[in-house]
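A.B. asks: Next input, structure requested:
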Amino acid sequence: MSAKITFLLLGVLTSACGKAAEATPVCSASDSRIVVHLKEHVLLLCERDKVIGTFGVRLGSGGIGKSHEGDHKTPVGEYALGEPRLSKSFGTFIPISYPNAEQRKAGFTGGDVGVHGPHRWIKWLGRLVNTFDSSDGCVGVATDAEIERIADWVRSASAKRIELR
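C.D. replies: So this is what the prediction gives:
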């Protein structure tokens, strides 16, 4: 690989991996919930105003603001969380109840959106998995250990809501 391409790739990886460090997102919830700061690519485990865990995330390859199935965008809003479950594709998958009732009334479509670990065929990349927004509209974390920690917290903290903002 030429030096020019190597430096270009290094620059892209460095800037993309640094997304989570640009701001200091906070929790502002009255209960236990997951809060995802979409622009900062950060997922927080929140117990009221206290941050219990912080994770970098990748989002939909189409950006944010999901309105219909197949747009590859990550939704914005507040949703119920389903029970974490095993996934052949992602190790663990935590369903998000997109679209919510208000969005359905507005004509939003889609489903099968959630928080999940790395796809099985690229999990060997570790944290590099989150270099680019590559999901079909979900919120993805980089490692199996991260999604397991999130899933365990959702189960134990009785966190039943997620806020994507």
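A.B. asks: Pass me the low-pLDDT residue ranges in this protein, would you?
C.D. replies: In the predicted model, the chain carries pLDDT under 70 at residues 1-23.
A.B. asks: Kindly recompute the last result at 80.
C.D. replies: 1-24, 28-29, 157-159 (pLDDT under 80).
A.B. asks: What are the boundaries of the strands in it?
C.D. replies: For the chain, applying DSSP state E gives strands covering 32-37, 42-47, 50-56, 63-64, 73-74, 77-80, 85-87, 91-96, 113-116, 139-140, 161-164.
A.B. asks: just so I know, which of those lies nearest Arg104?
C.D. replies: For Arg104, the closest of the strands of the chain is strand 77-80, at 11.6 Å, according to C-beta to C-beta. C-beta: built from backbone N, CA, C; applies to glycine.
A.B. asks: contacts for that closest one?
C.D. replies: With contacts defined as C-beta atoms under 8 Å, 6 or more residues apart in numbering, strand 77-80 is touched by Ile96, Ser97, Tyr98, Asn100, Gln103, Lys160, Arg161, Ile162, Glu163, Leu164.
A.B. asks: Among these, which pair sits farthest apart?
C.D. replies: Using C-beta to C-beta, those span at most 18.2 Å, a distance reached by Gln103 and Lys160.
A.B. asks: Who is Ser32 paired with across the strands?
C.D. replies: Glu47 (DSSP bridges).
A.B. asks: How about the contacts made by it?
C.D. replies: Ser32 is in contact with Cys46, Glu47, Arg48, Ala157, Ser158, Ala159, counting by C-beta under 8 Å, 6+ apart.
A.B. asks: Can you add neighbour count and distance to Pro84 and give the residues you listed back as a markdown table?
C.D. replies: Listed next are the contacts of Ser32 as a markdown table, based on neighbours: other C-beta atoms under 10 Å; distance: C-beta to C-beta, whole Å:
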| residue | neighbour count | distance to Pro84 |
| --- | --- | --- |
| Cys46 | 25 | 17 |
| Glu47 | 16 | 18 |
| Arg48 | 12 | 22 |
| Ala157 | 16 | 12 |
| Ser158 | 9 | 13 |
| Ala159 | 21 | 11 |
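A.B. asks: give the contact list for the residue nearest the centre of the chain.
C.D. replies: The chain has Val139 as the residue nearest its centroid, 2.2 Å off, counting by C-alpha atoms, centre = their mean. Shown in contact with Val139 (C-beta under 8 Å, 6+ apart): Val36, Leu43, Val57, Arg58, Leu59, Thr74, Ile96, Gly114, Val115, His116, Leu164.
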